[in-house]
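**Q** How does the following fold in three dimensions:
(2 chains)
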Amino acid sequence: MAKRIAIIEDEAAIRDNYSAAFRREGYAVDAFDARAPALKAFDNRLPDLVVIDINLRDDVEGGFELCRELRARSSDLPIIFLTARDSEFDAVSGLRLGADDYLTKDISLPHLMARVAALFRRMDALKKPQGVESRMTRGDLTIDTERMTVQWQEQTVSLTLTEFWLVHAMARYPGHVKNRQQLMDAAQAVLDDNTITSHIKRIRRKFIAIDASFDAIETVYGMGYRWLSA
Amino acid sequence: MNLKRQLLLVSLLALMLPWAGCEFIRETESALRAGQQEMLAGTARALANSMARYAEEFPDRIARTVAGEQIFLHALNNRPRIDGYIDDWLLDLAALKTLRGNDGQVRMAVGTYDRMVYLYVDVSDRELVYATAETMVLDDGPRYADRVTLVSSSPPYLEERIVFAAEAPGAIVSYRQDSYGFAPEPAITAYWQDVPGGYRIEAQIPADMLGTDLGMVVSNTSDENQRGVRISSYSGRRPPPAVHQASELRQVAENLVQTGMRILITDSAGWRIAAAGELTESTSNRSFGAGWSARIYDLVVEAGEVAASAEPDAGGREQQPYVSAALDGRETAGWFRGDSNGRAIVAVAAPIVEDGEILGALVVQQDTDRILSLTNEGLVRLINVTLFSTLIVAGALLGYASWLSRRVRRLSLAAEAALENETLHAALPSALAEDEIGDLSRSFSSVLRQLGDYNAYLRTLASKLSHELRTPLAIVTSSLENLEHESLSESSAGYTARAREGADRLRRILSAMSEASRVEESMANFEAESFDFRKALSSTIDAYRDVYAERTFNLDCSSPSVPAKGSPELLIQMLDKLVDNAVGFSSVGDTINIGLDVAGENLLLSVTNPGPPLPDRMRSQLFDSMVSVRGAEGSRHLGLGLYVAKLIAEGHGGSISAENVDGGVRFEVRLPA
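**A** Prediction:
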């Protein structure tokens, strides 16, 4: 059965374009232009993945509200924010509400498709028993490429999709400097310098929360970042 | 000229007050004086008419040229001792008649007292030659001596001579020579006194021994065999008539004179032949002396001639212009004023005419004490009051001007400071005042506020614009991406690809436009960390060498490690902007210098590139949002790069500046260490 994706987006043209793209990929799509009709439909049945715009016409923070309510109903429903709001503050707020990814509308459709596919893949992988072959170990770091999870000193570090891909890209070849373009490609996103910097900062913070002495990600000024193997 | 000076100048108008007062006093004074002159002129005319009745008392008219040679007989008030000294004559020394001699001046005076005539002669003589028994006798003998001869006659009779010569200093015997012979004259007393450089003779001669005409001859010789030089008081063959006091006229005048009035009567040559009355000495209590107020008085009141020249002439001949005019037949007034005591005299001279012939002049003089004291008091009060009020007015205006200019200055300083510090919403001084300066302050405020709003608008314009454009751009790109999945003809695919390219460029532009707001956001919550600036810099410069292969980069840093505090990512981002700018303005092959220095408490980071200098007009706005000094060819620059650099520098508590250096431009960031 086809996976069901719900899009809540007030801008008709974008909604239609995204819907068309998802359908082309073989997903079933429910499109809504506001919070109320979406919630009403979700009463009957929850979709498999939700794409939410934050600003829903007059409902300025409607996307956040929706995310909060959905997270209340299901803890593992993949939620993606797709918005024109590119401020750090909005991104942090969105992720704190439990969204799996926060994307700006700069993202290209292929990138979006890749992310959605990845999220579904992770959902599937989480249901299956853990396979050893998909595991990658770099010192204290363990990466499960199937489930897209990361462990540091055997503790799970909860990362968003973008963050996971960034860590994965760096840790795959420890000691190699990954420049911004390489990181962007790996994260299936178009990000500017400041966004990459803040992603890296957030990743560091998450690791430091587990291990205060974490310093495996080194900034190579003017070049990029590299993973230092212990 | 500043406001204070202008108002001070205006306050000078207050000087109109004393000026007007002075005008008034001057008017009053001259009106009063004119009245007194008028009155005095009437008196003078009446007196002159009554004097004309005593025509026989006036001497005959003589030629003007000879008038100066007449000898004036001073009426003495006491009998002098005959001792060679003139002190006891109680005569002003100016009264002495002066003749020019070959060895110096000869000064003489003749006086009368109680039917006696007195002679005083002071002769300058370098070499005295005394007489002997034989030289004593005749003027033109075989021997000569220094001597003084008094020549007198009563035409048509023959003249007589009285000769004074000395065998030795002291009392001498004088000789009288007339048609009867030459003999010592015991009735004449004379005294010869030697003085350094000459001799003096004082003599007493009975009045009836002398005629109406009188002259004096001094014979000066240096050798008893030489005749020597004759110094004569007259130029003609015969001496002119002597000037006698007309006692009849004096009595008439004395009967007519009033107190405080003086009457002088002169003959037709101006010789004073009678005088009566005295001017009262000024008795009024002057409220000012010889100081500044007297000087002001001098300035204010029409100047007269000095009072001393109103006094009767010591030599006996009245030669003031107004007297001379009267002698020419014109009644004339004079006006005399003392320099120190404020004494003023009005004088009128009227001709005395009998049968169309001018016999002489009558001069009436009167004190103007009353006028003076009136005007003086008024003037003093006026000066005090107006000086005081002028000072008050000037002081008040000056204070007012200072206050006003201080307000204006404070306002302009505050406006400048607001512009400088970009505190464009700050309240300006005088904003609540209800006058024009208040209006000015309020308009300044509103201009500044509008400028501030405009600046704020400009600052956010880029990010707002990019934000608003993002959604339509997303529509375009997503549509194009969908379109690419349709089966397209080759040409359509080409168009789509081009449209994608355009949309991509648009996205990059929008991203650059919102960079400033994202940097601001990062600035707001960045955590300062300690790092080695030099290390970060060298790795960054290595990266620049890869990116900008056509430029040479040079790091100029003397210390091996430079510890710094801040956000290294943001600082590198700032450097990116400066380097991007430097690359844009330099040409292929140029060297870009990046310097890092510790200067006291500060870190100095500089980027220097060869290239065209910064235009002056852009200097101050260089770091503003949406300002670009590039021409059309650099149109991909929105002028946000340097603005971002400034945001980062200031966010770190530092500053950024740009200056033209030799053959290039140097940007300098000053950061607190």
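
**Q** CA atoms for contacts and neighbours, from now on please.
**A** Noted.

**Q** Residue B:42: how many residues sit nearby?
**A** 14 (other C-alpha atoms under 10 Å in any protein chain shown).

**Q** name the element it belongs to?
**A** helix B:16-51 (DSSP states H and E).

**Q** got it, and residue B:176?
**A** strand B:174-178.

**Q** Across the sheet, point out what pairs with residue 150.
**A** Answering for chain A, as no chain was given. residue A:143, residue A:157 (DSSP bridges).

**Q** Hmm, no, I was thinking of chain B.
**A** Bridge pairing for residue B:150 - DSSP bridges - gives residue B:162, residue B:216.

**Q** For it, give me its contacts.
**A** B:161-163, B:214-217 (C-alpha atoms under 8 Å, 6 or more residues apart in numbering or on different chains).

**Q** That one and chain A: what is the separation?
**A** Per C-alpha to the nearest C-alpha, to the nearest Å, residue B:150 is found 133 Å from chain A.

**Q** which non-adjacent residue is nearest the closest residue to chain B within chain A?
**A** The minimum distance from chain A to chain B, using C-alpha to the nearest C-alpha, falls at residue A:222 (4.0 Å). Using C-alpha to C-alpha, 6 or more residues apart in numbering or on different chains and skipping the chain neighbours, the partner closest in space to residue A:222 is residue B:540 (4.0 Å).

**Q** Ok, residue B:467 next?
**A** Excluding the flanking residues, the one nearest residue B:467 by C-alpha to C-alpha, 6+ apart is residue A:84, at 6.8 Å.

**Q** Who does the residue nearest the centre of chain A form a beta bridge with?
**A** Nearest to the mean C-alpha position of chain A, by C-alpha atoms, centre = their mean, lies residue A:101 at 2.7 Å. Going by DSSP bridges, residue A:101 is paired in beta bridges with residue A:80.

**Q** Okay, helices next: where are they in the chain?
**A** Because you didn't say which chain, this covers chain A. Assigned by DSSP state H, chain A shows helices spanning A:12-24, A:35-44, A:62-73, A:88-96, A:109-127, A:161-172, A:180-186, A:193-210.

**Q** that answer is for a different chain, and I need it for chain B
**A** Here chain B has its helices, by DSSP H, at B:3-11, B:16-51, B:64-67, B:247-256, B:292-300, B:321-327, B:369-421, B:436-484, B:490-513, B:515-524, B:533-547, B:568-585, B:641-651.

**Q** mean pLDDT lowest for which of those helices?
**A** Mean pLDDT values for the helices of chain B show the minimum at helix B:292-300, a mean of 62.

**Q** what pLDDT does residue 207 get?
**A** No chain in the question, so chain A it is. For residue A:207, the pLDDT comes out at 92.

**Q** that answer is for a different chain, and I need it for chain B
**A** 89.

**Q** Grab the nearest non-local neighbour of it.
**A** Using C-alpha to C-alpha, 6+ apart, the nearest residue to residue B:207 is residue B:116, at 4.7 Å.

**Q** same thing with residue B:511?
**A** residue B:466 (7.1 Å).

**Q** what sits against residue B:40?
**A** B:347-348, B:364-366.

**Q** could you redo the last one with a cut-off of 7 Å?
**A** Contacts here follow C-alpha atoms under 7 Å, 6 or more residues apart in numbering or on different chains; on that basis residue B:40 touches residue B:348.

**Q** Could you measure from it over to residue B:367?
**A** For residue B:40, the distance to residue B:367 equals 11 Å [C-alpha to C-alpha, to the nearest Å].

**Q** now swap in residue A:14 and tell me
**A** Distance from residue A:14 to residue B:367, by C-alpha to C-alpha: 119 Å.

**Q** Ok, residue B:211 next?
**A** Distance from residue B:211 to residue B:367, by C-alpha to C-alpha: 39 Å.

**Q** Mind checking which of those two has more residues around it?
**A** residue B:367 (24 against 18).

**Q** thinking residue B:365 is in contact with residue B:348, fair?
**A** Yes - applying C-alpha atoms under 7 Å, one finds residue B:365 in contact with residue B:348, separated by 6.5 Å.

**Q** what's the domain layout of chain A?
**A** Chain A breaks down into these domains under automatic domain parsing: A:4-126, A:130-227.

**Q** Lowest average confidence across those domains, which one?
**A** Minimum mean pLDDT among these: domain A:130-227, a mean of 86.

**Q** from the chain's centre, how far out does that one sit?
**A** Taking C-alpha atoms, centre = their mean, to the nearest Å, one finds domain A:130-227 lying 13 Å from the centre of the chain it belongs to.

**Q** and if you look at stretch B:508-520?
**A** 69 Å.

**Q** for it, which positions count as buried?
**A** Residues B:509-519 are the ones in stretch B:508-520 that count as buried (16 or more other C-alpha atoms under 10 Å in any protein chain shown).

**Q** same deal with stretch A:71-88?
**A** For stretch A:71-88, by 16+ other C-alpha under 10 Å, it's A:71, A:77-86, A:88.

**Q** what sits against the residue nearest to the centre of chain A?
**A** When contacts are counted by C-alpha under 7 Å, 6+ apart, residue A:101 touches A:79-81, A:95, A:160-162.

**Q** how close does it get to residue A:211?
**A** For residue A:101, the distance to residue A:211 - C-alpha to C-alpha - is 24 Å.

**Q** same question, residue B:656
**A** According to C-alpha to C-alpha, residue B:656 stands 39 Å off from residue A:211.

**Q** between these two, which one's more packed in?
**A** residue B:656 (20 against 13).

**Q** Isn't the more buried one up against residue B:647?
**A** No - contact criterion C-alpha under 7 Å: residue B:656 and residue B:647 do not qualify, at 9.4 Å.

**Q** re the thing from before, the residue nearest to residue B:207: neighbouring residues, count only.
**A** Residue B:116: 17 surrounding residues under other C-alpha under 10 Å.

**Q** How about residue B:533?
**A** Residue B:533 is flanked by 20 other residues according to other C-alpha under 10 Å.

**Q** what does residue A:166 give?
**A** Residues lying near residue A:166 (other C-alpha under 10 Å) number 24.

**Q** Hmm, it is touching residue A:182, no?
**A** No - the pair residue A:166 and residue A:182 does not pass the contact test of C-alpha under 7 Å, sitting 9.4 Å apart.

**Q** so what's the closest residue to chain A within the stretch 401-550 of chain B up against?
**A** Chain A sits closest to residue B:540 of the stretch 401-550 of chain B, with a gap of 4.0 Å, by C-alpha to the nearest C-alpha. Contact criterion C-alpha under 7 Å, 6+ apart gives A:221-223 as the residues in contact with residue B:540.

**Q** Now render those residues as JSON lines, adding neighbour count.
**A** Putting the contacts of residue B:540 into JSON lines (neighbours: other C-alpha atoms under 10 Å in any protein chain shown) gives the following:
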{"residue": "A:221", "neighbour count": "20"}
{"residue": "A:222", "neighbour count": "22"}
{"residue": "A:223", "neighbour count": "18"}
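
**Q** end-to-end on stretch B:232-245?
**A** 23 Å.

**Q** What are the buried residues along it?
**A** Neighbour-count burial for stretch B:232-245 [16+ other C-alpha under 10 Å]: B:232-234, B:239-245.
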